[in-house]
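Chemist: Here you go, sequence then predicted model.
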Amino acid sequence: MKSKKKPSKAVCFYFQVHQPRRLNSFNYFDITKQKDVFSKDNEEILGKVAKKSYFPTNDLIYYLLKKYPEFKCAYSISGTFIDQALLYQPKLINSFAKLVSSGKVELLNETYYHSLAFLYSKEEFIEQILLHRKKIWELFKLKPEVFRNTELIYNNKIAEFARQLGFKGILAEGWDKYLHWRSPNYLYTAPPEKLGYTHKELLMKYRFNNKIAPKIGLLLKNYKLSDDIAFRFGNRGWAGYPLTADKFADWLTIVPGETINLFMDYETFGEHQWEDTGIFGFLKELPKKLLERGITFRTPSETIDSLPIKDSVSMQQLVSWADLERDLSAWTQNRMQQEALKKIYELKRYLKILQKKLKDKDMINGLYEKWRYLQTSDHFYYMSTKYWSDGDVHAYFSHYESPYDAYINYMNVLNNFKNELLSIKA
Amino acid sequence: MGALKVLTFGWEMAPVMNGGLGVVCRDLTYALASKGVDMTFVVPKLPHKFKFDSFNLVNAAEYDLSEDEIKNITISTLMTPYISGTFFNYSPKGKKFDQDKDLYGFNLMLEVQRYGLIASKIAKSVEADLIHAHDWMTAFAAIEAKKVLRKPLIFHVHSTEYDRSAFNPHPTILEYETQALNFADKTIAVSQYTKNILVDKYGIDPNKIAVVHNAVNNEPKDVVSQGYRSSKEKIVLFLARMSIQKGADYLLKAAQKVVSKKRNVKFVFVGNGPMLNKLVEMAFDLGIKDNVVFAGALSHDEVDKAYRHADLFVMPSVTEPFGITPLEAMKNGTPVLISKQSGVSEVIKNCLKVDFWDIDAMASKILSILYNDTLSESLSQNGYHDVAQLTWSSQADKVLEVYQSLL
C-alpha cells in the first residue's frame, strides 16, 4: 500500500561499473594467424582503475552505508567488467559483494557484454540479459528487478521488452527534447506499445517472471545535476566550481520533485575526476548534508515501489546518455561503424549452424563468448569520427591512434574470427 | 603610415622550380600581399621573364658583379641544394638528372655566395621594414641584406640539412644554416617537428621560433568519385624526389609484403633523383618488378591525374619537415598513409600514419585501405575537411603576427 503522505524527496544513486575487454592489436597479416583476441593491456588498465577508483570508492561507499542507515545506492556491473575482475582483480568482486551484503545496495540488470544487441538481434539482446542475470545471482545472490540498457539506450519499445521480460522498472536519460515541460524528478511510465507476434513469442519464451507489471516504472536521469558531478566537478572554468557538498545539497533542496536521479559512471570517482579534485571528500560529505536538509535516499526499486506514477513519457526515437545529441551517433553514425556492426551480427548465422553440428559444448560456448565480446559497444565508440577532427572526449576514451585504426583493428579481428568459424569441421 | 614593406629572398618561384619550395613561396607571398603587405620577392635566376600582379618579383641575375667582387667568392664543389649525404655523388649513367644544374650550373656554393653579394646591392636600392628569407640557400643573401638595411630578419625553415641528408649533414651547409639561424631575429619553422630539430640539433632558443604550417591553395572540389579507379588493379602512388630522405626504399620493402598477399597491386613511383637506379635494382631484387612502375617526373596536370587514379597515396619519408603532397592527394580525394616523422602529420587527422621504418605496419595498412572500400571511402571523404581547414590565408595571418612582433 502506498502511503497517502506526500513522499519525502530522495536521491536515487545509480553507478555504472564497466570495463570493455580491449582487443589485441591485429594487423592484416594476423587475419590468418592464431592469436589471442584480447589485449594484454586489460590487466594493467583494470589494475590501475581499481587502485585509483574502484577500491577507494567502494571503501567510501561501505563507510557511508555503515554510518547512515538512510544511505542507499544502486550499481549496474557489466559482465565484461565482472569477467575481467574475476581474472585479474578477484578482490574487487568481494569488495562489491561486501557492499551488497549491507542489504541497501541494489544491482541492476543489463546486457552481459555491454552491447548494442537490441538494435541488431532481439534474441541476442534477451539472451545477454539472462546471462547477466545468471551471473549476478551466482556472485551476489540477487535477482535484479530493474533494467538499464547499454549507455542508457532507450525507447518505448525497449521499455515494453523489459516489462514483458519481467522487469518492474527501467532507466533512461531525462532528455528535455522528450520531457518537454516535465521534470525528470518524478516517477514516470512508458506508453503502451504494441509488439509484433514474433517479439511477443520471443518474450514469452524467455520471461523470467510470471508476474508482469501492468506499468513499468521509468526513472529519468537528472542529467544537469548528475553531470555537475560526473563531468564538471573538477572544471575550474565552470561557474559552479568549486562544488562543495553543502552547495550541491542546497541545489537539490531548491529543485522541486520527489526523486533526484543521479546516474553516472562509477569511474567518475577517482578516474574521470581525480582524487586531487576533492571528489572523494565531496562524496563523503554529501549524505550528511542531504540528510540535514531532509533529503533521503532510495534505490531504483524503492523509488518505483513508493512513488506514484506522475505521467507517461513517450520516446519513440532511441535516446542515450552520450554526447550532446543524446542519440546513437557515437556508435552507429559513420559507415565504418555500420559496416562493423553489420558484419559482427551476420556471424550469428554461422554460429547457429555450428551449434547444431558441433558436439563439443565447450567449444561452441567459447565461440559464442568470443562473438559476444566483439559486440561490446566500446569497440564501435572508438571508431567514431564525430568530433575526430576537433579532437576531444572520444579521443580521450580511445587507445587507438585514430578511428580508422580502431576500425582496421576490429575488422582484422573479426575476419580472423570468421576464418576460425569457417575452418571448423563438424 | 604606408604599407608594411618586406624584402624576401627565395631560391625558386613557381612555376619555375624543382621541389615544393617554389609553390609554397608563391602561395605564401601571394597571401601576404593580399593582406596589404608590400612584398618584394628576390630569386637568384629566372630562365624567362614572368611577373605577378600583386607582388614584385626580382631576378638577381640581372644585377652584375665586378671582377673584384667575384674574386671574393670561395669555390666549393656542392652541386644541388637538396642532395647530400650518402647519395651525394650518385648520378645515373653520368647523365644530367637534375633541374638544379640547368637552373644554377654546377656549383651551388658559388651560386649561394654570388646571391649574397647581389643581395647586398639590391638591399641598397630598396626600402624595407623587414627581411624574410627562405631556407639555407638564401642564408648569405639574408645576412648581407640585414647588414645593409639594419632591419629585423626572419629566417623561414622549410627543411633542415638533417632532413635533406636523412641525418648525415654536409658540414658546410650546416654551417651556413647555423649562421642564418643565429643571425635571424626570429625563425619560422614549418612544423613543430622542425622546431624540435632546430632546438635539439642547432641549439636555437625555442622562444625565438614560431611554427607556421604550410597549406594548399584550393577550393575543395567535389570529392572525386571512385569511378576513376579500376577495381581490377589497385594503384599505390609515391610522389617525391628519389632521395634518401623520402623513404621510397621503405615503401618498396612494404610493397613486397603487400604483393605476397595480393597480386593485383601496382606501386607507381613518380619523380626523379639520385636514388632512382638503386630503387629499380631493389624492385628486381625483391622480385616485385612486375608490380612496380617508375614513371619519372610528371607535368602538373599529369600529377593531378596520378593522384586521382591512385587508390592510395603513401608518403614514407624518413624525415619530412612538412610534406605538402599528402594535402594535394587529399584534395584529389585520395586516401593517404603518411610517415609519423613528418610535420604534416601534425595538421591532418583523417589519414593513416605509420613509422617509416615499420615495414609490417606499412604493408598492413596499405592492404587494409586497398581492400576495404568502407575504409578508403571514409578516408577520402573526411580527408577533405582537413584540407579545407588549412588555408594560406589563415597561415599568412600567423606570419603577419611574427612580422608584427618584430616591428
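Modeler: It's in.
Chemist: Could you list the low-pLDDT ranges of the chain?
Modeler: No chain in the question, so chain A it is. Within chain A, the segments meeting pLDDT under 70 span A:1-5, A:389-396, A:426.
Chemist: try again with chain B
Modeler: Counting by pLDDT under 70, the ranges of chain B that qualify are B:1, B:16-19, B:67-106, B:218-231.
Chemist: tell me which residues in the strand or helix carrying residue A:303 are buried?
Modeler: Take DSSP states H and E as the rule and residue A:303 turns out to sit in helix A:300-306. Going by neighbour count (16 or more other CB atoms under 10 Å in any protein chain shown), the buried part of helix A:300-306 is A:300, A:301, A:302, A:303, A:304, A:306. In short, each C-beta sits where N, CA and C put it, glycine included.
Chemist: which two from the residues you listed end up farthest apart in space?
Modeler: A:300 and A:306 (11.1 Å; CB to CB).
Chemist: What residue spans form the domains of the chain?
Modeler: Because you didn't say which chain, this covers chain A. A:10-312, A:329-423 (automatic domain parsing).
Chemist: please go with chain B instead
Modeler: Using automatic domain parsing, chain B is parsed into the domains B:5-215+B:391-406, B:226-389.
Chemist: Can you give me the neighbour number for the residue nearest to residue A:398 when sequence neighbours are not counted?
Modeler: Distance criterion CB to CB, 6 or more residues apart in numbering or on different chains; nearest residue to residue A:398, sequence neighbours excluded, is residue A:382 at 4.5 Å. Neighbours of residue A:382 under the rule other CB atoms under 10 Å in any protein chain shown: 25.
Chemist: Quick check: the gap between residue A:382 and chain B.
Modeler: Distance of residue A:382 to chain B, given as CB to the nearest CB, to the nearest Å: 14 Å.
Chemist: Quick check: that residue touching residue A:400?
Modeler: Yes - counting by CB atoms under 8 Å, residue A:382 sits close enough to residue A:400 to count as a contact (5.3 Å).
Chemist: Give me the common contacts of those two.
Modeler: When CB atoms under 8 Å, 6 or more residues apart in numbering or on different chains defines a contact, the residues bordering residue A:382 and residue A:400 alike are residue A:406.
Chemist: Can you classify the residue in the stretch 151-300 of chain A that chain B sits nearest to by secondary structure?
Modeler: The minimum distance from the stretch 151-300 of chain A to chain B, using CB to the nearest CB, falls at residue A:151 (22.9 Å). Classification of residue A:151 using DSSP: H, G, I helix; E, B strand; the rest coil returns helix.
Chemist: Return the residues in contact with it.
Modeler: Residues counted as contacts of residue A:151 (CB under 8 Å, 6+ apart) are A:320, A:321, A:322, A:330, A:331, A:377.
Chemist: what about it, distance to residue B:44?
Modeler: Counting by CB to CB, to the nearest Å, the separation of residue A:151 from residue B:44 is 63 Å.
Chemist: Not counting its neighbours along the chain, what's nearest the residue of the stretch 101-250 of chain A found nearest chain B?
Modeler: Nearest to chain B in the stretch 101-250 of chain A, going by CB to the nearest CB, is residue A:120, at a distance of 17.3 Å. If the residues on either side of it in the chain are set aside, residue A:120 comes closest to residue A:345, at 4.2 Å by CB to CB, 6+ apart.
Chemist: again with residue A:132
Modeler: Among residues not flanking residue A:132 along the chain, residue A:112 sits closest, at 4.1 Å (CB to CB, 6+ apart).
Chemist: now residue A:278
Modeler: Leaving out its chain neighbours, the residue that sits closest to residue A:278 by CB to CB, 6+ apart is residue A:242, at 7.2 Å.
Chemist: Thought residue A:279 was touching that neighbour, still the case?
Modeler: No - in this structure, residue A:242 is not within contact of residue A:279 by CB under 8 Å, at 10.9 Å.
Chemist: Tell me which of these two has more neighbours.
Modeler: residue A:279 (24 against 13).
Chemist: Now do the SS call for residue A:322.
Modeler: Strictly by three-state DSSP, residue A:322 counts as coil.
Chemist: ok, it - contacts?
Modeler: By CB under 8 Å, 6+ apart, the contact set of residue A:322 is A:151, A:330.
Chemist: Quick check: it vs chain B, distance?
Modeler: Distance from residue A:322 to chain B, by CB to the nearest CB: 21 Å.
Chemist: give the contact list for residue B:282.
Modeler: By CB under 8 Å, 6+ apart, the residues touching residue B:282 are B:249, B:252.
Chemist: Contact residues of the stretch 51-200 of chain A facing chain B?
Modeler: Residues of the stretch 51-200 of chain A lying near chain B by CB under 8 Å from any CB of the partner chain: none.
Chemist: ranges for the helices of the stretch 51-200 of chain A?
Modeler: Counting by DSSP state H, counting those that start in this stretch, one finds helices in the stretch 51-200 of chain A at the ranges A:55-67, A:79-88, A:90-100, A:117-120, A:122-140, A:156-165, A:176-179, A:197-206.
Chemist: Check those for me and report the most buried one.
Modeler: Comparing the helices of the stretch 51-200 of chain A by mean neighbour count (mean count of other CB atoms under 10 Å in any protein chain shown), helix A:156-165 ranks first with a mean of 23.
Chemist: mind saving the C-alpha coords of that one as PDB?
Modeler: Written as PDB, here are the backbone C-alpha positions of helix A:156-165 (Å, rounded to 0.1, in the frame of the first residue of the first chain):
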ATOM      1  CA  ASN A 156       9.200   2.900 -25.800                       C
ATOM      2  CA  LYS A 157       9.900  -0.500 -27.400                       C
ATOM      3  CA  ILE A 158      12.800  -1.300 -25.200                       C
ATOM      4  CA  ALA A 159      10.600  -0.400 -22.200                       C
ATOM      5  CA  GLU A 160       8.000  -2.800 -23.400                       C
ATOM      6  CA  PHE A 161      10.500  -5.500 -23.900                       C
ATOM      7  CA  ALA A 162      11.800  -5.000 -20.400                       C
ATOM      8  CA  ARG A 163       8.300  -5.100 -19.000                       C
ATOM      9  CA  GLN A 164       7.300  -8.300 -20.800                       C
ATOM     10  CA  LEU A 165      10.500 -10.000 -19.700                       C
END
